[in-house]
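Starting from these lines, generate the structure:
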Amino acid sequence: MIKIDPTLIDDDVFQTLFVTSTELHFKRNEIIVESGKVCNYLFLVQKGMLRSFYYDKKGNDITNWFSSEDMLITSAHSFFKRHPSFLNIEAIEDTTVRAITHQQLEEAFQKSHSLERFGRLFTIEVMLAVGKKAIYLQTKSAKERYHELLKTYPDIFNRAKLRHIAGYLGIAQQSLSRIRSGSK
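So this is what the prediction gives:
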């Protein structure tokens with residue numbers, strides 16, 4: 001979960017993204033990207049919340065990312081490489097996004113050095129966040145991961161289902177309930 005750093009985005013970048021993109025609306029529980037299909041959009045959430053998830057070998061639905069206001073989300077491998085997605089993306093609230101296609105993004109990068117710079121800097125932020133999450137899953141306790149999530153995203157429990165949060169944290173829902181009850 002990475003909010004766009006306002007210092008990375010100048011008026012030129014914002015205007016280019018806004019003009020190039022399309023406003024889309026999704027209903028709560030609507031699947032907007034399906035695994036097995038190519039993800040055609042990079043989404044900037046204006047209002048609401050999306051999550052990306054996959055199914056493990058046992059068929060459990062595992063959330064690997066949340067995005068809300070001023071956050072980007074896509075199935076990166078699918079969007080950038082134009083391959084079928086491993087992930088699903090679902091609206092967990094009624095959600096409004098600005099959506100940009102791969103071709104539109106590439107053309108915008110060609111036209112705007114500022115936008116290309118923003119893309120590079122944002123990619124670095126994503127890489128750092130993904131790396132941090134992977135390390136946290138292996139080195140931090142479930143309770144530490146829970147507290148870190150609360151610190152960075154205090155309203156997550158008002159917006160997402162417990163089972164989605166538990167999947168994101170890499171723990172069972174029952175474990176999350178125990179951690180929450182012990183933290184109050």
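
any idea of the mean pLDDT in whichever helix or strand Q110 is part of?
Q110 belongs to helix 102-111 when assigned by DSSP states H and E. The pLDDT scores in helix 102-111 average 90.

Can you show me the strands along the chain?
22-26, 31-33, 41-47, 50-55, 61-67, 72-73, 88-91, 95-101 (DSSP state E).

Those: which one's closest to L137?
strand 61-67 (10.4 Å; Cβ to Cβ). C-beta: built from backbone N, CA, C; applies to glycine.

Pull out the buried positions in that closest one.
Neighbour-count burial for strand 61-67, counted by 16 or more other Cβ atoms under 10 Å, picks out 62-63, 65-67.

circling back: and the angle from the helix holding Q110 to strand 41-47?
90 degrees (axes from the mean of the first three to the mean of the last three Cα atoms, to 10 degrees).

Quick one: neighbours of the residue lying closest to L42 once chain neighbours are set aside, just the number.
In space, and not counting its chain neighbours, L42 is closest to T74: 4.5 Å by Cβ to Cβ, 6 or more residues apart in numbering. By other Cβ atoms under 10 Å, the residues close to T74 number 26.

Could you measure from T74 over to T101?
Applying Cβ to Cβ, to the nearest Å, the value for T74 to T101 is 11 Å.

Overlap in contacts, the two.
Y41 (Cβ atoms under 8 Å, 6 or more residues apart in numbering).

burial of P154, as a residue count?
Using other Cβ under 10 Å: P154 sits among 9 other residues.

ok, now Y136?
16.

Just list what the top helix by length along the chain packs against, helices and strands only.
Longest helix in the chain by number of residues, with DSSP state H as the criterion: helix 113-139. Applying 3 or more Cβ pairs under 8 Å, 6 or more residues apart in numbering; DSSP states H and E, one finds that helix 113-139 contacts helix 11-20, helix 102-111, helix 142-152.

can you list those helices in CSV and add distance to R51?
Shown next, in CSV, are those (distance: least, Cβ to Cβ, whole Å):
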stretch, distance to R51
helix 11-20, 22
helix 102-111, 22
helix 142-152, 13
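
For the buried residues of strand 61-67, give me CSV that also has distance to R120.
Listed next are those as CSV, based on distance: Cβ to Cβ, whole Å:
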residue, distance to R120
I62, 29
T63, 27
W65, 20
F66, 24
S67, 20
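
where does the chain dip in pLDDT?
1-10, 13, 183-184 (pLDDT under 70).

One more pass at 50, please.
For the chain, no stretch has pLDDT under 50.

Quick check: closest non-adjacent residue to I100.
Per Cβ to Cβ, 6+ apart, closest to I100 is S21, 4.3 Å.

Contact partners for the one you found?
Taking Cβ under 8 Å, 6+ apart, one finds 44, 98-100, 104 in contact with S21.

hmm, 7 Å instead?
Contacts for S21 (Cβ atoms under 7 Å, 6 or more residues apart in numbering) come out as 44, 98-100.
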